[in-house]
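Engineer: Next input, structure requested:
(2 chains)
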Amino acid sequence: MASRVLWASRTASYLRISTFNRGFSTVLKDLKYNDTHEWVKVDGDSATVGITDHAQDHLGDVVYVELPEAGSTVAQGANFGAVESVKATSDIISPVSGEIVEVNDELSNSPGLVNASPYENGWIIKVKLNDAAELDSLMDSDKYTKFCEEEDAKH
Amino acid sequence: MNLHNAKKTALPIMNLVKMQGVPILDQLHLEERLLRSDFKNWCILNVGTPQPTIVMGVSGKPSELVNIKSVIYNQVPVIRRFTGGGTVIVDKETIFVTLICSREAVPLLNLYPQPIMSWTGTLYHDALSDFGKFHLRENDYVFNNLKFGGNAQSITKNRWIHHTSFLWDYDVKNMDYLKHPPRSPKYRLERSHEEFLCKMKYFVPSKLIFIEKTLNSLQKHFVLRPIQADDINALNIPYAPSSRLLTKEELEKELLSTTA
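Structural biologist: The predicted structure follows:
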């Protein structure tokens, strides 16, 4: 068992992911995170946004994603869409501000991508950033991992 | 029910609105406004809606959920509401109970669907277990394995709503407007509506007793402050609700899409 844990943590380090003991949700090192469990991947002045593995795990099976329109704007901290799971709609809160340049229309046919691949095929929107300085207010992977642990410990 | 008690016991305040026969669309509009644009906790009670009305969840597709031809022919209103969940047909014998809460209202409650459903389940267990074998079963309220209450929720950054339609009584013929849904709970076991549902009136002595027991259960967690429905309109809450009535044209288009 100890050697399996050691193997897992070495592999995780190689793949640039971190795992924490409780919950086993994945957190990717290159992303930034807000406190409502959305992630953002930045590439110049473009950003891709989705919900984290922690979020999808707590939401349950996603059966529908309410998507915004390309061309509309998002504001950091404001909701821009919703996911439906277990008889509930849950708002998706944007970690950044800007114009939505692309929406993942695949989610209309396959909402379960949010569960199966939250950081890859389950991405939700792509945004042209207004203000890169907003990223400073987001958490890095270590802070987000700790945030999730503390949140889970409280409940 | 006074503010002095609130301070003494440190229970949060919940505004209580009791309504009778308010149309379900108006109720949904009120709820969405209070969820999105207000910061207080609310309990909304509405006894009955004037005419039989079909209410689908946010992602509901009429072609999958509703017998569209007979709905159009009999002019049964179909609403798409802002919360998740399934499809119900409600009427003047349905009792609606809605809870709208801020994050801190229920200590240590994690704002995700399952924990909220579980917490509200304990509330109703407290209210109803004297009357039958009450369970929260796959997100429905049941006596034994017969459903009498359907739930739906919506969760924002710092607030949540849990609303329930309780089948005090119903006309079994109205259930024919609803199809067997593509996603149904396992415990339903392919049963028809008639075999799957039950009427609360056969378990609880009166509507008044049900309401009283529910409010007693709520008062263990909140100090209830009665508010007149008219006073809410005076709050002038600006929000454009999304719950809406589907048009005849939309229903006809859905019908065509299934027959094409």
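Engineer: which parts of stretch B:224-242 are buried?
Structural biologist: With burial defined by 16 or more other CB atoms under 10 Å in any protein chain shown, the residues of stretch B:224-242 counted as buried are B:224-225, B:227, B:229, B:232, B:241. Using the backbone N, CA and C atoms, a C-beta is placed for each residue, glycine as well.
Engineer: which bits of chain A sit near chain B?
Structural biologist: Chain A comes close to chain B at residues A:36, A:58-60, A:63-64, A:66, A:77, A:79, A:82, A:84-91, A:93, A:151, A:154-155, as judged by CB under 8 Å from any CB of the partner chain.
Engineer: redo that, cut-off 6 Å
Structural biologist: Selection of chain A residues close to chain B by CB under 6 Å from any CB of the partner chain yields A:36, A:58, A:64, A:84-91, A:93, A:155.
Engineer: Kindly reformat those as CSV containing neighbour count, pLDDT and secondary structure.
Structural biologist: Supplementary listing: these in CSV, determined by neighbours: other CB atoms under 10 Å in any protein chain shown; pLDDT from 0 to 100; DSSP: H, G, I helix; E, B strand; the rest coil:
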residue, neighbour count, pLDDT, secondary structure
A:T36, 20, 97, coil
A:H58, 24, 95, helix
A:Y64, 18, 97, strand
A:E84, 26, 97, strand
A:S85, 24, 95, strand
A:V86, 21, 81, coil
A:K87, 24, 91, coil
A:A88, 30, 95, strand
A:T89, 27, 97, strand
A:S90, 30, 97, strand
A:D91, 19, 98, strand
A:I93, 22, 98, strand
A:H155, 12, 75, coil
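Engineer: Need the max-distance pair from these.
Structural biologist: Using CB to CB, the two most remote members of these are A:Y64 and A:H155, lying 25.5 Å apart.
Engineer: low-confidence ranges in the stretch 1-150 of chain B?
Structural biologist: B:1-9 (pLDDT under 70).
Engineer: Let me fix that, I meant to ask about chain A.
Structural biologist: Scanning chain A for pLDDT under 70 picks out the ranges A:1-24.
Engineer: again, only this time at 50
Structural biologist: Applying pLDDT under 50 to chain A flags residues A:1-22.
Engineer: in it, which spans are helices?
Structural biologist: Ranges of helices in chain A, per DSSP state H, are A:2-14, A:53-59, A:106-109, A:113-116, A:141-154.
Engineer: okay, now A:A133: neighbour count?
Structural biologist: Neighbour count for A:A133, taken as other CB atoms under 10 Å in any protein chain shown: 8.
Engineer: measure it to A:I93 for me?
Structural biologist: Look at A:A133 and A:I93: by CB to CB, to the nearest Å, they are 19 Å apart.
Engineer: Check A:F80 too.
Structural biologist: From A:F80 across to A:I93, the span is 8 Å (CB to CB).
Engineer: that older thread, which one of the buried residues of stretch B:224-242 is nearest chain A?
Structural biologist: Each of the buried residues of stretch B:224-242 was scored against chain A by CB to the nearest CB, and B:P241 proved nearest at 13.6 Å.
Engineer: can you pull the contacts of that closest one?
Structural biologist: When contacts are counted by CB atoms under 6 Å, 6 or more residues apart in numbering or on different chains, B:P241 touches B:29, B:32.
Engineer: any idea what it is structurally, helix, strand or coil?
Structural biologist: Three-state call for B:P241 (DSSP: H, G, I helix; E, B strand; the rest coil): coil.
Engineer: how about the residues of chain B near chain A?
Structural biologist: Checking chain B against chain A by CB under 6 Å from any CB, the hits are B:58-59, B:83-85, B:108, B:110, B:112-113, B:139, B:151-157.
Engineer: In helices only, show me the residues you listed.
Structural biologist: B:P113.
Engineer: what helix or strand is B:V55 on?
Structural biologist: strand B:53-56 (DSSP states H and E).
Engineer: Can you name the element that comes right after that strand?
Structural biologist: For strand B:53-56, the following helix or strand on the C-terminal side (DSSP H and E) is helix B:62-65.
Engineer: What residues sit buried inside the helix or strand just after that following helix?
Structural biologist: The element immediately downstream of helix B:62-65 (helix or strand, assigned by DSSP H and E) is helix B:68-73. Buried residues in helix B:68-73, counted by 16+ other CB under 10 Å: B:68, B:71-72.
Engineer: Just the C-alpha atoms of stretch B:145-155, please, in CSV.
Structural biologist: C-alpha atoms of stretch B:145-155 as CSV (Å, rounded to 0.1, in the frame of the first residue of the first chain):
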residue,chain,number,x,y,z
ASN,B,145,-42.4,3.7,-1.9
LEU,B,146,-45.3,5.9,-3.0
LYS,B,147,-44.3,9.4,-4.1
PHE,B,148,-46.3,12.4,-2.8
GLY,B,149,-43.8,15.2,-3.1
GLY,B,150,-41.5,16.2,-6.0
ASN,B,151,-38.5,18.5,-5.4
ALA,B,152,-36.4,20.8,-7.4
GLN,B,153,-33.5,23.1,-6.5
SER,B,154,-31.4,26.0,-7.8
ILE,B,155,-28.1,27.0,-6.3
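Engineer: In this structure B:I100 contacts B:K40, no?
Structural biologist: No. Using CB atoms under 6 Å, B:I100 is not in contact with B:K40; the gap is 8.3 Å.
Engineer: between the two, who's got more neighbours?
Structural biologist: Each of B:I100 and B:K40 has its neighbours counted (other CB under 10 Å); B:I100 has more, 25 against 17.
Engineer: Now B:H29: closest residue in space that isn't a chain neighbour?
Structural biologist: Ranked by CB to CB, 6 or more residues apart in numbering or on different chains and with sequence neighbours excluded, the top spatial neighbour of B:H29 is B:P241, at 4.3 Å.
Engineer: Next, the one you found: phi, psi?
Structural biologist: Note on B:P241: backbone dihedrals following degrees, to the nearest 10 are phi -70, psi 150.
Engineer: and it, what pLDDT?
Structural biologist: The model reports B:P241 with a pLDDT of 91.
Engineer: what's the spacing between it and B:D38?
Structural biologist: From B:P241 over to B:D38 the distance is 13 Å, taken as CB to CB.
Engineer: again with A:A153
Structural biologist: 31 Å.
Engineer: repeat for B:I237
Structural biologist: Per CB to CB, B:I237 is found 6 Å from B:D38.
Engineer: cool, A:K32 as well?
Structural biologist: Relative to B:D38, A:K32 is positioned 32 Å away (CB to CB).
Engineer: more neighbours, those two?
Structural biologist: Set side by side, A:K32 and B:D38 show more neighbours around A:K32, with 22 against 17, by other CB under 10 Å.
Engineer: Right, I'll call it a day here.
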